[in-house]
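>>> Okay, predicted coordinates and the sequence, questions at the end:
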Amino acid sequence: MIDIIQNYLAGILIIVGSGFALVASIGLLRLPEFYTRMHAASKAGTLGSGVMLIALAVYTDETTIATRALAGFVFFLLTAPISAHLLAKAAYAAGYPLWEGSVHDEMPQQSRDPDA
């Protein structure tokens, strides 16, 4: 009985994680510029990967595999937002333009110019 519940729960988590990964890939294709594409990939991609790693931890009967899957999930949660932020900051400093439809640029113009 527990095995059946475990299999169904893992299956549901895989479907949910795949859905988030699909949303991330659609965001990469459809969004207009680098910054919004990066946002879609980092947020939805991290959540999708994390949910699928939790599904692996639920499905497996070995403690070592479950521990590694949960450690990978924690690693994704700690590194993906930081790397996305640093990548966006570097792209902004390099002069990648914002989308024309952007309402407000919160970074001051002086942050782009290293000599100022």
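On my side now, so go ahead. Numbering: from 1, shown residues only.

>>> If I look at residue 37, what pLDDT would I see?
With respect to pLDDT, residue 37 scores 88.

>>> One more: residue 112?
52.

>>> Tell me the spacing between the residue nearest to residue 14 when sequence neighbours are not counted and residue 4.
Ranked by Cβ to Cβ, 6 or more residues apart in numbering and with sequence neighbours excluded, the top spatial neighbour of residue 14 is residue 55, at 4.8 Å. Heads up, the C-betas are built off the backbone N, CA and C, glycines and all. For residue 55, the distance to residue 4 (Cβ to Cβ, to the nearest Å) stands at 15 Å.

>>> Could you do residue 27 as well?
Look at residue 27 and residue 4: by Cβ to Cβ, they are 35 Å apart.

>>> And these two? Which one has more around it.
Set side by side, residue 27 and residue 4 show more neighbours around residue 27, with 19 against 8, by other Cβ atoms under 10 Å.

>>> phi, psi of the more buried one?
Backbone geometry at residue 27, expressed as degrees, to the nearest 10, gives phi -60, psi -40.

>>> who are the neighbours in contact with it?
36-37, 39-41, 44 (Cβ atoms under 8 Å, 6 or more residues apart in numbering).

>>> likewise residue 66?
Neighbour list for residue 66: 56-57, 60 [criterion: Cβ under 8 Å, 6+ apart].

>>> Apply 10 Å and report the result again.
By Cβ atoms under 10 Å, 6 or more residues apart in numbering, the residues touching residue 66 are 53-54, 56-60.
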